[in-house]
Structure formats: structure tokens, C-alpha cells
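*Asks:* pasting a predicted model and its sequence here:
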Amino acid sequence: MCRGKSVVVFVVLTFLWTFNGADDTQVFCVFMESCILPCRFQPGDEPVIHWYQMTTKDTLAHSYYHNQDQFRLQDQHFRGRTSLFKDQISRGNSSLRLTGVEVQDQGRYKCYTSTITGNKELFIKLNVDAPVDRVNIQQVENRITCSSEGIYPQPELTWSTSPPSNVSLENNPTVQQTEQLLYNINSSLIASVTDLVYSCTVSTRTNKRTATLFKPTSISGSDTETTIPCESLNPPLTGLVWRFNHSQIILNKNGDNVLYTEEWRQQVKNVSESGSLTLKDLSSDQEGIYTCELSNAEETYVTNTLLRIEESPGTANVAAIGVVVLMLVVLLVLLCIYLYIKNKKDKRTEGQRTTTSWSTHDMTRHLTALQPTALEKPKTRVLLY
């Protein structure tokens with residue numbers, strides 16, 4: 001009786017041990033990339049291969065027999081994403097290639113193989129990782145915000161300062177999960193001490209990235225040409241982004257490839273290997289905050305620079321001369337208009353005077369001709385009879 005109970009307990013423990021996957025082969029796959037689940041069997045004739053994802057029910061991920069894939073039996077979730085190494089099946093390789101790995105693919109898989117000589121089962125534990133690819137850090141007024149997106153499994157976020165300080169860095173990150181089951185994390189704090197350099201680190205089981213925000217600076221630049229520095233970072237550099245007023249992208253550089261936004265293409269003269277940005281032909285519209293984000297494989301350095309533009313002496317002189325010339329032209333035009341109007345008025349007045357004088361003189365002569373003089377006497381005719 002005791003022996004029978006011992007056998008039952010052993011069988012139960014063995015089942016639990018197998019179900020929990022203690023002997024499973026662990027495979028780590030990267031989100032949206034390809035992954036291989038390894039499996040081998042003793043070669044033989046008439047091979048049959050079944051791959052199952054073991055959830056609440058065994059979901060058929062891939063099936064092969066009669067020397068061909070049996071896609072009509074495949075679960076819709078795996079449709080078009082699985083394949084076998086068919087040229088190696090005869091040598092006992094039944095490994096499964098899974099493309100476009102999703103978080104839903106995570107879990108325990110069973111590789112069932114069978115030939116005329118026997119069958120075999122192997123178990124593989126598939127783990128999905130979406131590493132921390134980018135950490136964003138920015139400051140608006142005295143609030144610093146750190147965020148990262150598209151991570152799996154759930155990440156951790158920590159703050160630090162340089163030099164180390166007693167400033168409270170306690171935070172309660174906001175964590176959200178997307179429809180793809182990836183995690184987005186966000187945290188912010190108040191920069192009560194302005195002389196510190198703040199760093200934010202987001203980490204998972206496979207990697208971590210740190211974003212460092214340096215103290216903001218202010219420079220005065222010329223409207224003809226100005227160079228804005230960028231905090232140096234240890235090479236090899238993997239990315240460079242320049243922004244204007246936190247949101248407007250000026251350029252994005254990856255390796256030797258530089259992409260400019262259309263509205264800034266004419267203003268960018270050069271980008272140095274260290275990341276410094278040289279601008280040209282600036283106006284007051286380009287005054288503001290310029291943000292440099294310089295990255296390597298593990299870190300991102302963020303530098304904010306307030307640029308104030310000063311007119312160069314040559315430009316100021318040209319502008320002053322232009323104003324003076326314009327004023328002289330206006331005065332000359334006004335003077336011409338005045339002289340024209342005055343001349344026209346004078347001619348009109350002179351014509352009126354001439355007409356009035358002639359009429360009076362002519363009338364006097366006419367009246368004089370009509371009236372007899374005082375010395376003249378009327379003539380008397382004498383008649384003789």
C-alpha cells in the first residue's frame with residue numbers, strides 16, 4: 001500500500017516538474033524579430049513534426065507530415081510566420097523558425113516528432129524581450145520629464161544627479177501597457193537645484209539606457225553665422241538629433257546619413273563630428289532654445305542652449321544706409337510734388353491777374369471813345385433863304 005502511494009506521489013511530482021518547465025530549453029526572442037526554437041530527433045522514415053504552444057489548450061503552431069507542411073491545420077495566430085529547415089529534417093533537425101515575434105508568442109512550446117522507429121517530445125520556453133531603445137528627457141521651466149516607450153517586460157526607472165546631492169528624487173513612474181502588450185513608462189520631478197546634472201535610467205532584464213540632461217546654457221550669435229555646441233559623448237556615436245524649441249526637428253543624423261527638415265535646410269551650414277551645429281543667414285525668428293540629443297549604444301546626452309541673435313556691424317550699417325536713402329528718396333518725392341503744385345498754382349494766379357487788367361483797360365478806352373470831350377461843341381447848320 002505504501003509502495004503504491006509512493007509511486008503515485010512520484011508520478012505527480014514528475015508531472016508538476018515537467019509542467020513547470022524546470023527542464024525546458026530557455027529561448028529569448030526579440031520583439032518583432034525572427035527567432036529559432038531548437039529541436040532535434042532521431043532521423044527515420046516518414047517523419048512527423050508538430051509544434052504546439054501550450055496555453056490553456058494546445059495551440060498548433062506548425063505541422064509537417066507526408067513530406068510537406070500542413071498549413072490548413074495551423075492556428076490563425078501563427079499563419080505565415082513559421083517554417084522548418086526542410087533540407088535538414090532528414091538529419092534530425094525539427095527546429096522551428098518564428099518571424100515577427102510578438103508578446104503573445106511568449107510561453108511554453110512542445111516539439112513532437114515521430115518516425116517509424118518511435119516518437120519524442122521536447123519542451124522549449126520562449127521569452128520575449130523588447131529592449132529599451134530610447135530614453136527621452138527634457139526640461140520645461142523647472143520640471144524635468146523622463147520617458148521611454150515600447151518595452152517588455154515591465155521596466156524600472158531611476159533618477160540620479162551629478163554631483164550626488166540630497167535632493168529628493170523620489171518618484172512614482174506612470175506605467176501603461178499598449179495593445180501590443182508593450183510598456184510605456186513616464187516620470188517627472190521638479191529641478192529645485194539648477195546647478196545639478198540630472199540623469200534618468202530605464203532598465204529591463206536584458207539592457208538599460210540612460211539619458212542625461214545638462215545645465216542649460218545661453219549664447220549670443222551672429223545673424224550671418226553661428227555655431228551651437230553639443231555636449232561631447234564617448235564614441236562610437238549612434239545618433240544625433242537637433243530640435244528647436246523642444247518640438248521642431250532641425251535634423252536627424254544616423255551614421256553618415258543626415259536628414260534635414262525642409263524649413264531648416266537653408267539655415268544649416270555644417271554639423272561637426274562631435275555634434276556641434278553651425279547655422280547661417282539667421283533672423284529674429286530663429287531665436288530660441290536649441291536642443292542637442294547625442295547618443296551612443298547606452299547613453300543619451302541632452303543639451304539645451306538659448307540662442308540670442310545679434311546683428312553683425314556690416315548688416316547694421318547696410319540697414320542704416322538703406323533707411324537714410326529711403327528717407328532721402330521720400331523727401332525728394334515730396335519736394336517735387338510741392339514744387340509741381342506751387343508752380344501750377346502760380347501760373348493760375350498770373351493768368352487771372354492778366355485777364356482782369358486787360359478787361360479794365362479795354363473798357364476804359366471803349367467808354368472814352370463813346371463820350372464827347374468837354375471842348376467839343378455841337379455843329380450848327382445855317383440855312384439861307
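*Replies:* Thanks, I have it.
*Asks:* confirm Leu332 sits in a helix?
*Replies:* Yes - the assignment for Leu332 is a helix, going by DSSP: H, G, I helix; E, B strand; the rest coil.
*Asks:* contacts only, for it.
*Replies:* Not one residue lies near Leu332 by Cβ atoms under 8 Å, 6 or more residues apart in numbering. Where you see a C-beta, it was placed from the backbone N, CA and C, and this is true even at glycine.
*Asks:* likewise Leu233?
*Replies:* 275, 294-296, 299, 301.
*Asks:* and it, what pLDDT?
*Replies:* According to the prediction, Leu233 has pLDDT 89.
*Asks:* name the SS class of it, please.
*Replies:* Classified using three-state DSSP, Leu233 is coil.
*Asks:* can you pull the domain assignment for this structure?
*Replies:* Per the record, the chain has its domains at 21-129, 131-210, 214-329, by automatic domain parsing.
*Asks:* in a markdown table: the ones you listed, plus distance to Arg348.
*Replies:* A markdown table is the format used below for the domains of the chain (distance: least, Cβ to Cβ, whole Å):
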| stretch | distance to Arg348 |
| --- | --- |
| domain 21-129 | 91 |
| domain 131-210 | 71 |
| domain 214-329 | 29 |
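*Asks:* closest to Lys342 out of those?
*Replies:* Lys342 lies closest to domain 214-329 among the domains of the chain, at 20.4 Å (Cβ to Cβ).
*Asks:* so what sits opposite the residue sitting nearest the centre point of the chain in the bridge?
*Replies:* By Cα atoms, centre = their mean, the chain has its centre lying nearest to Ile249, at 5.6 Å. Counting by DSSP bridges, Ile249 forms beta bridges with Arg243.
*Asks:* separation between it and Leu328?
*Replies:* In this view, Ile249 and Leu328 are 46 Å apart by Cβ to Cβ, to the nearest Å.
*Asks:* what about the closest residue to Gly288 other than its chain neighbours, how many residues nearby?
*Replies:* Leaving aside its chain neighbours, Gly288 sits nearest to Asn245 (4.7 Å; criterion: Cβ to Cβ, 6 or more residues apart in numbering). Neighbour count of Asn245, defined by other Cβ atoms under 10 Å: 10.
*Asks:* list the contacts of Glu33.
*Replies:* Counted by Cβ under 8 Å, 6+ apart, Glu33 has contacts 100-101.
*Asks:* pLDDT value on it, please?
*Replies:* With respect to pLDDT, Glu33 scores 98.
*Asks:* repeat that for Ala130.
*Replies:* With respect to pLDDT, Ala130 has a value of 98.
*Asks:* and Arg143, by the same measure?
*Replies:* On pLDDT, Arg143 comes in at 91.
*Asks:* Ser114 versus the residue nearest to Gly288, what's the distance?
*Replies:* Taken as Cβ to Cβ, the span from Asn245 to Ser114 is 66 Å.
*Asks:* equivalent analysis for Cys336, please.
*Replies:* Distance from Cys336 to Ser114, counting by Cβ to Cβ: 108 Å.
*Asks:* the two: which is more packed in?
*Replies:* Shown here are Cys336 and Ser114; by other Cβ under 10 Å, Ser114 has more neighbours (17 against 10).
*Asks:* residues touching the more buried one, list them.
*Replies:* So Ser114 contacts 47-48, 120 (Cβ under 8 Å, 6+ apart).
*Asks:* which stretches of the stretch 201-350 of the chain have low pLDDT?
*Replies:* The stretch 201-350 of the chain contains residues with pLDDT under 70 at 312-320, 349-350.
*Asks:* can you map out the strands along it?
*Replies:* Ranges of strands in the stretch 201-350 of the chain, per DSSP state E, counting those that start in this stretch, are 208-213, 217-222, 225-228, 239-244, 248-254, 257-260, 268-271, 277-280, 288-295, 299-310.
*Asks:* what's the answer for the stretch 51-200 of the chain, then?
*Replies:* For the stretch 51-200 of the chain, the strands defined by DSSP E, counting those that start in this stretch cover 58-65, 68-69, 82-84, 96-98, 107-115, 118-129, 136-140, 143-151, 156-162, 174-177, 183-190, 197-203.
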